[in-house]
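Asker: next one to model:
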Amino acid sequence: MADARRPRLPVSRRALLTAAAATPAITGAGAGPRSVAELAKAWNAERDLIALLTRRWSDLETALQRRTGSLDFRAAAAAGDAGALEMIAIDRRVPGLWETAEAASERISRLPCTTLSDALAKVQMGIRIIGPHDSEGASYALLQGGYDDLVRMLGPLAGQ
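Answerer: A predicted model of the protein is given here:
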C-alpha cells in the first residue's frame, strides 16, 4: 500500500513561500529570473531618469523666473506657458518614479547575491542612495573609492 503522507519537498515550506513571493520581483512578464545586477541596472536607469527630470525642472524654473519674474509655475501654466506646463507634468511624474525606485531598492536589498557582480551592484546602489551629501565626513569618499578600487582590481571578474 502506498504511503498516504504527502511527499517531502527538498526545501522548507518557508523557503518555497519566500521564493514564490519573490518571483514577481525578479522576473519580467514571460521572462526568466533576473539577476541582482540586472535589476540594479534597471534601478540605476530609473534613478538617472529622475535626475534628468529634476535637472530639467530646475532649468525650466530658472527660465520661468527670467521670463516672468516669478516662480509661480502654476499661475504661468494656467496662462498657457509651455515651460510651466512641462514643469507640472514633471511634478506629477517624479513622485511615482521615486516610489517605484524605492520599492525596487527594497526588493533588491532582500535578494541573495549569487555572483560578484550582484554583490558589487548592491554596494553601488547603496553608495548612490547615500550620495555625497547624505554622508558624514569622509564616509562617502571611502565607500566610493573602495568600490572603484574593487572594480578596478577585479577587472573582468567584476562583470562591469
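Asker: and stretch 131-141, which residues are buried?
Answerer: residue 140 (16 or more other Cβ atoms under 10 Å). All C-beta atoms are positioned from the backbone trio N, CA, C, and that covers glycine.
Asker: let me fix that: stretch 37-57
Answerer: 37, 38, 39, 40, 43, 46, 47, 50, 53, 57.
Asker: now flag whichever of those residues is closest to residue 91.
Answerer: Ranked by distance to residue 91 (Cβ to Cβ), the buried residues of stretch 37-57 are led by residue 57 at 7.2 Å.
Asker: find the nearest non-adjacent residue to that closest one, please.
Answerer: Sequence neighbours aside, residue 90 is the residue nearest to residue 57 in space, at 4.7 Å (criterion: Cβ to Cβ, 6 or more residues apart in numbering).
Asker: who does the host helix or strand of the one you found touch, helix- and strand-wise?
Answerer: Using DSSP states H and E, residue 90 sits within helix 82-110. Helices and strands touching helix 82-110, by 3 or more Cβ pairs under 8 Å, 6 or more residues apart in numbering; DSSP states H and E, are helix 13-26, helix 36-68, helix 73-78, helix 116-130.
Asker: show me what the mean pLDDT comes to for that helix.
Answerer: Regarding helix 82-110, the rounded mean pLDDT is 96.
Asker: what about the protein, any weak spots by pLDDT?
Answerer: 1-33, 160 (pLDDT under 70).
Asker: can you list the helices and strands packed on helix 82-110 in TSV and add distance to residue 102?
Answerer: Listed next are these as TSV, based on distance: least, Cβ to Cβ, whole Å:
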stretch	distance to residue 102
helix 13-26	13
helix 36-68	10
helix 73-78	26
helix 116-130	9
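Asker: re the thing from before, can you give me the buried ones in the helix holding residue 90?
Answerer: Buried residues in helix 82-110, counting neighbours by 16+ other Cβ under 10 Å, are found at 83, 84, 85, 86, 87, 90, 97, 101, 104, 105, 107, 108.
Asker: picking that back up, how much space between the residue nearest to residue 57 and residue 60?
Answerer: In this view, residue 90 and residue 60 are 8 Å apart by Cβ to Cβ, to the nearest Å.
Asker: so what touches stretch 90-105?
Answerer: The contact list for stretch 90-105 (Cβ atoms under 8 Å, 6 or more residues apart in numbering) reads 39, 42-43, 46-47, 49-50, 53-54, 56-57, 60, 125, 129.
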